[in-house]
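*Asks:* coords please:
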Amino acid sequence: MKATFFTRILTAYSIIVLVLFVVFFFLSMRAVRNYYRVTVERSLADVGAIACHETLTLLTNAAPAQLQPYIRHIGALTQKRISVIAPDGTVLADSEGDPARMENHAARPEVALALRGMRGTALRRSETLKEPLLYLALPLYDHERLLAVVRVSTNLGAFETFLADLRGTMFLIALVMAVLALAVIFVVSHRWSKPIELLAQAARAVAAGKLDTKVYVETRDETAALALCFNDMVARIKSSLDELARQKDELHTIIVNLREGLLVLQTDGIVTVCNASFDTLAGVAIKRGAPYWESIRMPDLMELIERVLAERRHVQRESELNGRHLLCSADYAASAGHAVIMLHDISDIMAVAKMKRDFVTNVSHELRTPLTSIKGFTETLLETASPDTRRYLDIILRNTERLTYIVADLLRLSELEHEGFILECEPLDLKELIETVVRTFEKRMADKGLQLVLDMPAAAPLTGDAFKLEQVFVNVIDNAIKYTGQGQLRIALRAEPQQFVAVIEDTGAGIPAKDLPHVFERFYVVDKSRARALGGTGLGLAIVKHIVLLHHGTIDVASEINHGTTITICLPRRAPAPHADMNKE
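*Replies:* Here you go, the predicted structure:
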């Protein structure tokens, strides 16, 4: 049976009271006994002193015949037994017996002490009277010579009877007091333990979900403060749980109504959360509380999940599932120890993008013929035109050529974005390719007074599409020269274990920080008026980025106003896959 606070208090205090009463009872009885013995010993000492005085006189005056009558007389007067014992243990006189018939007393403990010059006492039971006797022996000296030992004794039987009666009375009193004390302890323990029991009952009720439980105590001590704190704590818990329930309902509503598929996994692959949209997009009912591989059989999706659980970082890829084009993204929440997988249906977006690409391609193809005709007729008219008419025809021709460049870039970009586009990869030397491109711009750089700095290794062998890579460096170097008024152009090529890094750095006007994230977007130009004046189409860097991505490389731009621009291109040494599998960003 589990001990309660009340029973522990009651038991502890009851044991303390009982121990105290028992100790008090035995100590008091011992004190009474010791006090009575000391009193009796003093009385015996007084009687012995009187007997020693006269005995000394009789023994020194050589009147031993008078000793026996005297001892009997003193014993009768004092109601004590008095004995006179010679140094050899022989009894010379005794108030209650015949000395001649008495045995030698030298071995008696009290007599032995007295014979050694000390006062001897002893308490022992008389074999004759069957009662306890207290003996006191005093040495009797004549100057320094021991004459005899005077022993005085008294019967303690009456005292033992009195002590037994006193013991019973004190035991009864102690018992009554103990009962009263236990009653008081019971009441006090109950009063002290009641608030604790109320708090325990309330705590059990709260643990069972009864959050409306309150505790009220009548005391004004620490338990009252504890009860108030308990009530406040329960109120706060109830408020927090209500808020959590509300947030949980809101989160559940959001998850249920998400059009995107949501899947949450533990680190061991157990499914904890999965909404209906994920079931629909995955084409299978996901089992909650079970490993994901019991339900998911799509290789692309399984590979994505395995990567995010193994690498614990963001992973993203596009995939075809059940006739839909899905963007699968996964993140690992380290704080919660869960992986979150999202499926976005981008079929409509991809369809629109394809429609736009097809539209641009078709329009570009359709524009080529009329633009060619306009350019041809304009050139023909220029041969016979008057000076006033020539000015207008020059404007027409210049804008026609700009439109032709835009159409050509659009067709080139559409070609790169086409799903069936294949790179014509072959071994090449990137250093030689860059040097070839640079030679085509030597006259333009000389005309503008630009200094060319080349920092390239002896050779840079890699596998790639030479024509497309040449377009990359033509566009980048052309932009660097075009937007640099004076200064220098630096081209560096660095070899790394897995890739080559090409850096094209100019000292031109630079690009504002707000425009840097958009420079690779199609038709995006930083300075539109200057771009038109220089003949820019806004498609060059978009084409460059597509070609670099087709080679599984990366391209970055860094710039600062009035301090120039730096383009960094990283190309892997290994040959890319023979199809346009671009990393989507």
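
*Asks:* contacting residues for residue 319?
*Replies:* Contacts for residue 319 were tallied using Cβ atoms under 8 Å, 6 or more residues apart in numbering; they are 298, 300-301, 304, 325-326, 328. For the C-beta atoms, the positions are set from N, CA and C on the backbone; glycine is no exception.

*Asks:* give me that answer again for 10 Å
*Replies:* The contact partners of residue 319, by Cβ atoms under 10 Å, 6 or more residues apart in numbering, come to 298-301, 303-304, 325-328, 343.

*Asks:* cool, residue 96 as well?
*Replies:* In this structure, residue 96 makes contact with 71-72, 75-76, 80-83, 153, judged by Cβ under 10 Å, 6+ apart.

*Asks:* what are the buried residues along stretch 323-338?
*Replies:* When neighbours are counted by 16 or more other Cβ atoms under 10 Å, the buried residues of stretch 323-338 are found to be 324-332, 338.

*Asks:* hey, which helix or strand in this structure has the poorest pLDDT?
*Replies:* helix 528-534 (a mean of 48; mean pLDDT, DSSP states H and E).

*Asks:* got the phi/psi numbers for the residue nearest to the spatial centre of the chain?
*Replies:* Centrality entry for the chain: nearest residue to the mean C-alpha point is residue 335, 10.8 Å, by Cα atoms, centre = their mean. With angles defined as degrees, to the nearest 10, residue 335 shows backbone torsions of phi -60, psi -40.

*Asks:* confidence score at it?
*Replies:* According to the model's per-residue confidence, residue 335 sits at a pLDDT of 80.

*Asks:* how about the buried residues of stretch 323-338, which pair is most distant?
*Replies:* When these are compared pair by pair using Cβ to Cβ, the two farthest from each other are 325 and 338, 26.8 Å apart.

*Asks:* hang on, the earlier thing: could the buried residues of stretch 323-338 go into JSON lines alongside distance to residue 484, secondary structure and pLDDT?
*Replies:* As requested, the buried residues of stretch 323-338 are exported to JSON lines (distance: Cβ to Cβ, whole Å; DSSP: H, G, I helix; E, B strand; the rest coil; pLDDT from 0 to 100):
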{"residue": "324", "distance to residue 484": "48", "secondary structure": "strand", "pLDDT": "80"}
{"residue": "325", "distance to residue 484": "43", "secondary structure": "strand", "pLDDT": "82"}
{"residue": "326", "distance to residue 484": "45", "secondary structure": "strand", "pLDDT": "84"}
{"residue": "327", "distance to residue 484": "40", "secondary structure": "strand", "pLDDT": "84"}
{"residue": "328", "distance to residue 484": "43", "secondary structure": "strand", "pLDDT": "88"}
{"residue": "329", "distance to residue 484": "40", "secondary structure": "strand", "pLDDT": "88"}
{"residue": "330", "distance to residue 484": "44", "secondary structure": "strand", "pLDDT": "89"}
{"residue": "331", "distance to residue 484": "42", "secondary structure": "strand", "pLDDT": "90"}
{"residue": "332", "distance to residue 484": "45", "secondary structure": "strand", "pLDDT": "88"}
{"residue": "338", "distance to residue 484": "51", "secondary structure": "strand", "pLDDT": "88"}
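
*Asks:* strands along the stretch 251-400 of the chain, start to end?
*Replies:* Per DSSP state E, counting those that start in this stretch, the stretch 251-400 of the chain has strands spanning 261-266, 271-274, 315-321, 324-333, 338-345. These are given in chain order.

*Asks:* residue ranges in the stretch 1-150 of the chain under the pLDDT threshold?
*Replies:* Scanning the stretch 1-150 of the chain for pLDDT under 70 picks out 1-5, 62-63, 126-129.
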